[in-house]
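> Have a look; sequence and predicted model below, questions after that.
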Amino acid sequence: MLRHKFMVSKKENEGETRRITIIGGKGKMGQFFARELSASGHQVDAFGNQDWHLADKLLGNADLVLVSVPIEKTVEVIKRAAPYLKPTTAIADITSVKAEPVQAMLEHHKGAVMGLHPMFGPKVESFAQQIVVVCRGRNDAQFTWLLDFFAAKGSNLVESTAKEHDKMMVIIQAIRHFARFSLGVFLAEENIDIQRSLLMASPTYRQEIDILQRLFAQSSHLCADIMLATEERCEMIVSLAETYSRLAQLVANKDREALIKEFESTQGFFDKALASENKLEQTVEDYLIRDSFTSKETQMEVKKDDSESILLTT
C-alpha cells in the first residue's frame with residue numbers, strides 16, 4: 001500500500017507558545033510527548049486520574065488537549081473531559097484505535113478534532129524518522145502547528161481515514177503481536193535454552209530473539225489490549241490461528257507438494273502486492289543478503305533500528 005503523506009509546511013510556527021494538557025501525561029507515552037513539546041517552548045500540564053478536581057483549569061484553559069490513556073479507557077475519558085473544553089480548544093487522541101475515539105470526540109466536543117497514532121513506543125529518543133498516522137476530524141487548520149511540529153522534528157506524517165487506519169492496524173499491530181506472542185509462549189513452554197541457541201544462531205534468529213525480548217519487556221496489559229481492542233482484531237487472530245493449524249496439518253501429513261504449493265501461491269501474492277513499489281525499504285531478499293554479508297557493526301545498527309520499530313504503541 002502506498003503511503004499518502006499529510007502535506008504540511010515542515011516548519012514550526014515560531015514564537016507562539018501553546019497551552020497543552022496531556023490526559024495521561026504521567027504515563028510513559030504522555031511523558032515522551034510532554035518532554036518533546038516542552039523542549040519546543042510549549043506550556044505542558046500532565047493530567048492524571050487524580051486531577052479531575054482541576055479539570056476547569058487544566059482542561060478549560062488549554063489550547064490543545066491530548067488524550068494518552070489505555071485503549072479501553074479512551075472513549076470514557078473523552079466523554080468525561082469534553083464538557084470542560086472550550087469550543088476553541090482542540091482535542092486529539094494518540095491511541096492505537098481510531099474510529100471510536102474520533103467519533104466520540106466529534107460527538108462530544110464542538111471544536112477541532114483529530115485522531116493521531118504515533119507508530120512507536122516511548123523508548124525512542126525523538127520523533128525523528130518516526131511515523132505518525134493522522135486521521136482528520138474537524139477544523140484541521142487548528143492542528144497545523146502541531147503537524148508542523150512533528151514534521152520539523154523529522155516525523156513522517158501519513159494521512160488515513162479512521163476506518164482505514166483500524167483495518168491496517170489489525171495486521172500491523174494485532175496480528176503481528178499475536179504471532180510473536182505465540183512464538184514466545186511456545187519457546188517458554190518448550191523451555192528452550194535461549195542462551196545456548198544464540199551461540200549457534202544466524203543473524204536473523206538473533207534479531208527475532210531480540211524482538212521477542214523487547215516485546216516481553218513491555219506491559220502485559222498493553223499487549224493484551226492491542227490484541228483485544230476490536231472485534232475485528234479478535235476475529236482475524238482466530239483466523240490466523242486456523243491458518244497455523246491448517247499448515248501444521250500439512251507438516252504432520254508430510255505433504256511436501258501442498259507446502260510448496262502454499263509457498264508459491266503466497267510468493268505470487270507478494271510479487272503482485274509489491275509490484276507498484278519502485279523501491280522497497282526492505283524486501284525479503286535484501287533482508288537476507290544484508291544479514292548474511294554485511295559487517296557486524298552494520299548488522300548491530302540494523303538490529304537496533306528494526307527492533308525499536310516493534311515497541312508496543314497505544
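On my side now, so go ahead. Numbers count the residues shown, from 1 in each chain.
> For G154, the count of nearby residues, please.
Look at G154: counted by other CB atoms under 10 Å, it has 12 neighbours. Placement of C-beta: from N, CA and C, glycine included.
> Please disregard the earlier target; I meant G137.
G137 has 24 nearby residues by other CB under 10 Å.
> Please name the nearest non-neighbouring residue to it.
The shortest distance from G137 to any non-neighbouring residue, by CB to CB, 6 or more residues apart in numbering, is to V113 (3.2 Å).
> And this structure, what are its domain boundaries?
19-160, 165-308 (automatic domain parsing).
> tell me the mean pLDDT over the longest one?
What domain 165-308 shows for mean pLDDT is 83.
> Which residue is the nearest non-sequential neighbour of the most centrally placed residue in the chain?
Centrality entry for the chain: nearest residue to the mean C-alpha point is M119, 3.2 Å, by CA atoms, centre = their mean. Residue nearest to M119 in three dimensions, not counting chain neighbours: I131, with 4.1 Å by CB to CB, 6+ apart.
> Dihedrals phi and psi, that neighbour?
Torsion angles at I131 (phi, psi; degrees, to the nearest 10) stand at phi -90, psi 130.
> That one pairs with what?
Beta-bridge partners for I131, by DSSP bridges, are N156.
> From K98, how far out is it?
Note on I131: its distance to K98, by CB to CB, to the nearest Å, is 14 Å.
> quick one, which of those two is more surrounded?
Neighbour count, other CB under 10 Å: between I131 and K98, K98 has more, with 25 against 16.
> So what's the residue count around the closest residue to the more buried one other than its chain neighbours?
Spatially, and ignoring its direct neighbours in sequence, K98 is nearest to A162 (3.9 Å; CB to CB, 6+ apart). Per other CB under 10 Å, the neighbour tally for A162 reads 21.
> Pull the number of nearby residues for the closest residue to L187 other than its chain neighbours.
Closest residue in space to L187, ignoring its immediate chain neighbours: I194 at 7.1 Å, by CB to CB, 6+ apart. Neighbour count for I194, taken as other CB under 10 Å: 13.
> just the domains of the chain: most buried one?
Looking across those with neighbours counted as mean count of other CB atoms under 10 Å, the highest average goes to domain 19-160: a mean of 19.
> Now do that domain: distance to the chain's middle.
Remark: domain 19-160 is offset 15 Å from the chain centroid, using CA atoms, centre = their mean, to the nearest Å.
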